[in-house]
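A.B. asks: What follows is a protein structure lacking sequence information:
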């Protein structure tokens, strides 16, 4: 999964690979019609709005590098009204009057803005956190998002630290509004959550993550400058950081946790059924209903289970499915004994895949990636691995591996995890998107879950074609990961609209996969606290696989897998309906070209 990575692993840059500057057609035309002019103006207006309301997204604009977002009721309403105005303008544009790149612009921008409007309409700001992370963890990456080259950079950073108390107070204000109307995270997923807050409260400022920039002061600073900045940082952390986290901790323990709702279903929230229906459509990017998603999940679980049973027979194991899974969960041979061993194994897998990339892709990104453990502050309730995009162009991407509780991090799933999070999954797809040229800037920074997570799951499957999963246990691990994503379709819809309990969902996931029981619990709690997001993976992967099958069938011997993958990725993240339109056009064009060559 992408969100937001000790061995540096560089992607191979080979002469056979084309430059990403050629990956997208230019959207510039000599003369623009009315629809093209309108869209161009709206894109510029959207950027201006974000520069004003989203200082963390646009730190290089005016004095934004001294600011945090203003979450006051008046400002959120103003932001909502500004977005509503440009969304209404977007809806009046005729896609048929646009060129291909602008049609993608329209599709992606409409999707982005509609989600922002829907989130506000359903009061998502009442719950600014999930079971695994929240605003207090997200803002802690501020030291990595900021540039520290001059003394002024540090002073600007201190101004942002000074804004933390207000930022935390505003977040807690909205959480109190949620308490008042029953719009809270469920109590069941919040056990121990306060530990993710207290992890940021240290005895000494030097131990805070917010002090990290002071540990890498530029060499050209003199001793007096360095000492002055260090003292300013200590004072700011003592005055602004620790009290903010302490206040949030006290609020969470004394007010929020005791009053959190007992129900787990999103449908029991205020306007909850409409909210979940909206999330299903948002996270699949398709006009799908929860019942339809649930049915697809059941079909996929049945299909994958048959493949898993076949692998068990291949190993010679004579017990039941449950006994085989218990064997995998408990036998020490399947687990690393040190964090370094787990990270090295992940690095080895990633490097092996690096060498396979040219056989699967014509176009590779310039940006490299690294591998590192999930930060200790969030690791206990965090998922097993994740990709973290770079915040600046002087940073690499990061593949995070969770080294917390090594006896819950099986090696037999590590190939699938690595291919999903690093290459050819999230890093490759995300880096290509960031490096796109001659496209609207917002597309370089757009991540659509059904596209990105669908690609990540498809990337796991590509490992079979690249020679991975040679060991039966590793192949079972791959199937476990695919089954995991199929089960998500069942348990997410089951809990949020079909009355499933948390325990029933955990039992279903545990009995159909070889995921560790610790991972089962953290995953189910994530689905409860983040309704609908878990649907992205399987729906996206099924779409990409279906499009590939169509291309293979139609083009026969003229099907080029490397070219097909470039076509999927060359325009960045987009709704699946737009992707399907583009790939169908590609198939017809290639078919016509093949016929001309006969």
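C.D. replies: Sure thing, it's come through. Bear in mind that the values here come from a model prediction, so they are computed numbers and not experimental data.

A.B. asks: residue ranges of the helices in the stretch 451-598 of the chain, please?
C.D. replies: For the stretch 451-598 of the chain, the helices defined by DSSP state H, counting those that start in this stretch occupy 472-497, 502-512, 517-529, 536-555, 561-569, 576-596.

A.B. asks: what's residue 409 sitting at in phi/psi?
C.D. replies: Dihedral pair for residue 409: phi -120, psi 80, per degrees, to the nearest 10.

A.B. asks: Can you name the residues that contact it?
C.D. replies: Applying Cβ atoms under 8 Å, 6 or more residues apart in numbering, one finds that residue 409 lies in contact with 335, 336, 342, 384, 401, 402, 403, 516. In short, each C-beta sits where N, CA and C put it, glycine included.

A.B. asks: Now secondary structure, neighbour count and distance to residue 565 too, for the residues you listed, in CSV please.
C.D. replies: Converted to CSV, the contacts of residue 409 look like this (DSSP: H, G, I helix; E, B strand; the rest coil; neighbours: other Cβ atoms under 10 Å; distance: Cβ to Cβ, whole Å):
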residue, secondary structure, neighbour count, distance to residue 565
335, strand, 20, 34
336, coil, 21, 32
342, helix, 21, 29
384, coil, 24, 26
401, strand, 25, 25
402, coil, 24, 29
403, coil, 20, 32
516, coil, 21, 32
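
A.B. asks: What are the phi and psi values at residue 363?
C.D. replies: phi -120, psi 120.

A.B. asks: pLDDT score for residue 14?
C.D. replies: Residue 14 is assigned a pLDDT of 24 by the prediction.

A.B. asks: what does residue 231 give?
C.D. replies: As predicted, residue 231 sits at a pLDDT of 98.

A.B. asks: looking at the helices of the stretch 451-598 of the chain, which is buried most?
C.D. replies: Neighbour counts (mean count of other Cβ atoms under 10 Å) averaged over each of the helices of the stretch 451-598 of the chain peak at helix 472-497, with a mean of 24.

A.B. asks: Now tell me what touches stretch 589-598 from outside.
C.D. replies: Taking Cβ under 8 Å, 6+ apart as the rule, stretch 589-598 contacts 551, 554, 555, 558.

A.B. asks: wait, which of the helices of the stretch 451-598 of the chain is closest to residue 230?
C.D. replies: Checking the helices of the stretch 451-598 of the chain against residue 230 by Cβ to Cβ gives helix 517-529 as the closest, at 37.6 Å.

A.B. asks: Just the angle for that closest one relative to helix 472-497, thanks.
C.D. replies: 30 degrees (axes from the mean of the first three to the mean of the last three Cα atoms, to 10 degrees).

A.B. asks: Going forward, count from 9.
C.D. replies: Okay, using 9 as the starting number, the last item reads as helix 525-537.

A.B. asks: what about helix 525-537, average pLDDT?
C.D. replies: pLDDT averaged over helix 525-537 gives 95.

A.B. asks: what residues does it touch?
C.D. replies: For helix 525-537, the surrounding residues in contact (Cβ under 8 Å, 6+ apart) are 135, 137-140, 193-194, 196-197, 272, 337, 389-392, 413, 416, 492, 496, 499-500, 503, 510, 513-514, 517-518, 521, 523, 541-542.

A.B. asks: Please apply the same query to stretch 319-338.
C.D. replies: For stretch 319-338, the external contacting residues (Cβ under 8 Å, 6+ apart) are 313, 316-317, 342, 418, 420, 480-481, 483-484, 487, 519, 521-522, 524-525.

A.B. asks: now, among the contacts of residue 417, which is nearest to residue 119?
C.D. replies: Distance to residue 119 across those (Cβ to Cβ) is lowest for residue 392, with 28.5 Å.

A.B. asks: how about the helices of the stretch 459-606 of the chain in TSV, adding distance to residue 359?
C.D. replies: TSV is the format used below for these (distance: least, Cβ to Cβ, whole Å):
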stretch	distance to residue 359
helix 480-505	17
helix 510-520	31
helix 525-537	25
helix 544-563	25
helix 569-577	20
helix 584-604	30
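
A.B. asks: With respect to residue 432, which of the ones you listed lies nearest?
C.D. replies: Closest among the helices of the stretch 459-606 of the chain, once you apply Cβ to Cβ, is helix 569-577, at 8.0 Å.

A.B. asks: name the helices or strands packed onto the closest one?
C.D. replies: On a contact count with 3 or more Cβ pairs under 8 Å, 6 or more residues apart in numbering; DSSP states H and E, helix 569-577 meets helix 347-368, helix 434-442, helix 544-563, helix 584-604.

A.B. asks: Show me the shaky parts of the stretch 459-606 of the chain.
C.D. replies: For the stretch 459-606 of the chain, no stretch has pLDDT under 70.

A.B. asks: Output the contacts of stretch 597-606 as CSV; include the columns distance to residue 118.
C.D. replies: Output for these, formatted as CSV (distance: Cβ to Cβ, whole Å):
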residue, distance to residue 118
559, 27
562, 30
563, 31
566, 34
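
A.B. asks: Between these, which sits nearest residue 250?
C.D. replies: Of all the contacts of stretch 597-606, residue 250 sits closest to residue 559, with 56.4 Å by Cβ to Cβ.

A.B. asks: The closest one contacts residue 572, correct?
C.D. replies: Yes: the pair residue 559 and residue 572 passes the contact test of Cβ atoms under 8 Å, sitting 5.7 Å apart.

A.B. asks: Going along the chain, name the strands of this protein.
C.D. replies: Using DSSP state E, the strands of the chain run over residues 10-11, 15-17, 377-381, 393-396, 405-409.

A.B. asks: Okay, now the sheet partners of the last one, with direction.
C.D. replies: It stands for strand 405-409. strand 377-381 (parallel), strand 393-396 (antiparallel) (DSSP bridges).

A.B. asks: what's the most buried one of the ones you listed?
C.D. replies: Comparing the strands paired with strand 405-409 by mean neighbour count (mean count of other Cβ under 10 Å), strand 393-396 comes out on top with a mean of 24.

A.B. asks: Centre of the chain to it, how far?
C.D. replies: The chain centroid and the centroid of strand 393-396 are separated by 8 Å under Cα atoms, centre = their mean, to the nearest Å.

A.B. asks: Report the mean per-residue pLDDT for that strand.
C.D. replies: pLDDT averaged over strand 393-396 gives 94.

A.B. asks: How about stretch 259-279?
C.D. replies: On average, stretch 259-279 scores 98.
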